[in-house]
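Undergrad: for reference, the sequence and a predicted model appear below.
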Amino acid sequence: METTNTSTSKKSTILMVDDDKFLADMYAMKFTQQGYEVESHLAACDALASLRNGLQPDVVLFDLIMPECDGFAFLDSMHNENLAPKAIKIALTNQSSDAEAARAKELGADAFLVKATLLPSEVVNRVGEELEKHRKA
């Protein structure tokens, strides 16, 4: 029994994964100011551990270039382990090649955002747009 239309009464949860602490904190603050709940991790392995422990975010926002486990491996692990299957997966990166965008989408990313081309407020707006799009689908 899945309930719908509770999104207006419940805050959406964002799982933020970025190895740059300054950016992770800044985006977490921006999302929190807009009413989102945010769980932030500086390493993909820590984010995977949270997902394995039952975290069910509405959105997973992740960088592609991270030490140890990059965003591609992170997406692959999420898929292979069926973690957060209903979450919207958005790559937020400074990698802007079409090949990387295509690879991220092949691995299950719903959107591909380039940090350098967007203000933080625009990133928050784009995430909100993705949430609305998926709620209507």
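TA: Yes, it's here. Fair warning: this is a prediction, and the values are worked out from it, not measured in the lab.

Undergrad: tell me the bridge partners for the residue nearest the centre of the chain.
TA: Nearest to the geometric centre of the chain sits L61, at 1.7 Å (Cα atoms, centre = their mean). Listed beta-bridge partners, L61: M16, I90 (assigned using DSSP bridges).

Undergrad: how about the contacts made by it?
TA: 14-18, 27, 90, 92, 127 (Cβ atoms under 8 Å, 6 or more residues apart in numbering). To be clear about C-beta, it is placed using only N, CA and C from the backbone, and glycine gets the same treatment.

Undergrad: name the member of the residues you listed with the most neighbours.
TA: D18 (28 neighbours; other Cβ atoms under 10 Å).

Undergrad: okay, now the residue nearest to L107 when sequence neighbours are not counted: neighbour count?
TA: Counting by Cβ to Cβ, 6 or more residues apart in numbering, L75 is the residue found nearest to L107 once chain neighbours are left out, at 4.1 Å. Neighbour count for L75, taken as other Cβ under 10 Å: 23.
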